[in-house]
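Asker: For reference, the sequence and a predicted model appear below.
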Amino acid sequence: MTYDPQADALPVSRPAEPGRGAAAYRIFGETLRGMKTTFGRIVEGPTTVQYPEDKAPVYPRFRGRHRLHRFEDTGLEKCVGCSLCAAACPADCIRVVAAENTPELRISAGERYAAVYEINMSRCIFCGYCEVACPFDAITMGHDYELSDYDRSDLIFTKEMLLAEPVERAPLRAAGE
Amino acid sequence: MSAPLGTVSYWEPWWIQVIKGIVVFAIGLQLVPVVLLVERKLIGRFQNRYGPNRVGPYGLFQPVADIGKLLFKEQFRPRTSVALLFTLAPMISICTAVAAFAIIPFGNTQDIFGTKVGLYGIDVGIGPLYLFAFGSIAFYGLMLGGWASGSKYSFLGAMRAAAQLISYEVSQALALVGVVITAGSLSLTQIVNAQRGMWYVVPQLVGFLVFMAASFAETNRAPFDLAEADAELVGGYNTEYGGARFASFFFAEYLNVVVVSGIAATVFLGGWLLPFGIHPPGWVDPFVVLGKMALFVSLFIWIRATLPRLRYDQLMAFGWKVLLPLATLNALVTAIVVVAVH
């Protein structure tokens, strides 16, 4: 399809040329036109989302708070403590300390597991590189965007917090919404 | 035709005058927070949002919270300010605004417990002149406030306010001259009674438009809010004010809007009269007047939501080259017609 510059043209209404009667038109006619426009906004009604009560729905690929995952069948953690996410993180907000799995204490599916897995949410920039770097899809970006707290230290999310099902707070955008 | 100066045609005991003074002040005091809230709510609707709706049911207590916040703030003043005038200016503003509110008639003379009471603060024989007199004094509040602050922006705002108020006061007064000629009286109650046949908005349409445009400028409302011009002058004459003193300026400004709406409703929309020969009982009259005032206040808000601020030279050109000739012509034509008819 060829590009038609006319298709992008916006209708521009220019004020009347100076001269007889034009001043009166500019003063009263244009004022009335403006008042009509603003009154149209009242008829349209507010578009505000009443935030704490109604939450703005997010898209499926929205990058909110991270989540760590388990295998659904065995319940083992997917994370093997490889620290690739920490290496990929541009904000340097992920800390991983790995430990060996033993036959008695089997936590992840691989040889090692993450003994410590912390994300400092006050540093995270929600770029999603950790999700891309992860070879086992163990970490993904969730939908939760309500991450305020009263204390910086409360924003360091531990492995248990990241593994736990988040409180369902961020609604997902329905198809076509 | 009656005498040009209206006369009070009944006698009121002194205690009724006192009670009326208190009632008028109380009503003025109650109207301002309502106008504040309505303005913010309506402006919100005009911008596709709700406006304040968190404090109390539907945000009804928002003005209470605002005023409460302002009243409990510290009374500070800049080191460069002139203490006496700095303190005096907001008082001048608020006193004159309340004084001007006194002449708005809310109804005809009523029999209350066998005593004849006029439903207005005072029915002055000089009517609109009283309004303009207090309007002129109110302008000292702005001027002194801006000058006494000892700050650049305040002074600029005050200068602009001075030029603007002087320019538009003339047109505003001249626009009312037509009405006064038609009614043959300066007393506002007699002007209302003269509108029994037809509201003056019809024969005095030009005067009405000029009066409204000039009133927007006189009350420093958008699109004539050059004296405040938040974007350029960070608030103009009230830049250095805070707390209760700022609240006084703010209160006076909104009370002026109410007063001008009341005058416009009285002079052009027939005050407490209803069209189509409806004659409700006397106690309905104040509500009719309040309803008409609400109409004008909404218009003020609607215009504020619509029009951008004028440039300074545009303001002057509009005032002197458009409004003043129109107002003069209107007064002249009215005078000729009235003389020709009689």
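Answerer: Happy to help now that I have it.

Asker: buried set for stretch B:234-242?
Answerer: B:Val234, B:Gly235, B:Gly236, B:Tyr237, B:Asn238, B:Thr239, B:Glu240, B:Tyr241 (16 or more other CB atoms under 10 Å in any protein chain shown). Quick note: C-beta positions are derived from backbone N, CA and C, even for glycine.

Asker: who's in contact with A:Leu84?
Answerer: A:Ala133, A:Cys134, A:Pro135 (CB atoms under 8 Å, 6 or more residues apart in numbering or on different chains).

Asker: Sort out which residues of stretch B:62-81 are buried, please.
Answerer: B:Gln62, B:Pro63, B:Asp66, B:Ile67, B:Leu70, B:Arg77, B:Ser81.

Asker: do it and chain A meet at all?
Answerer: No - counting by CB under 8 Å from any CB of the partner chain, chain A is not contacted by stretch B:62-81; separation bottoms out at 15.8 Å.

Asker: so how far is the first residue of that stretch from its last?
Answerer: Chord length of stretch B:62-81, first to last residue, is 32 Å (CA to CA, to the nearest Å).

Asker: what is the mean pLDDT for that stretch?
Answerer: For stretch B:62-81, mean pLDDT is 87.

Asker: now do stretch B:134-151
Answerer: Mean predicted lDDT for stretch B:134-151 stands at 85.

Asker: same deal with stretch B:267-286?
Answerer: Throughout stretch B:267-286, pLDDT has a mean value of 77.

Asker: wait, what's in contact with B:Val82?
Answerer: B:Val82 neighbours (CB under 8 Å, 6+ apart): B:Trp147, B:Ala148, B:Gly150.

Asker: hang on, the earlier thing: which of the contacts of A:Leu84 has the most neighbours?
Answerer: With neighbours taken as other CB atoms under 10 Å in any protein chain shown, the top of those is A:Cys134, carrying 20 neighbours.

Asker: helix or strand for the closest residue to it other than its chain neighbours, which one?
Answerer: In space, and not counting its chain neighbours, A:Cys134 is closest to A:Cys85: 5.6 Å by CB to CB, 6 or more residues apart in numbering or on different chains. In the assignment (DSSP states H and E), A:Cys85 maps to helix A:84-88.

Asker: Export that helix to CSV, keeping only CA atoms.
Answerer: Provided in CSV are the C-alpha atoms of helix A:84-88 (Å, rounded to 0.1, in the frame of the first residue of the first chain):
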residue,chain,number,x,y,z
LEU,A,84,22.7,-16.1,35.5
CYS,A,85,19.8,-13.7,36.5
ALA,A,86,22.1,-11.9,38.9
ALA,A,87,24.7,-11.6,36.2
ALA,A,88,22.2,-10.3,33.7
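
Asker: now for the very next helix or strand once past it, which elements pack on it?
Answerer: For helix A:84-88, the following helix or strand on the C-terminal side (DSSP H and E) is strand A:94-100. Judged by 3 or more CB pairs under 8 Å, 6 or more residues apart in numbering or on different chains; DSSP states H and E, strand A:94-100 is in contact with helix A:84-88, strand A:112-120.
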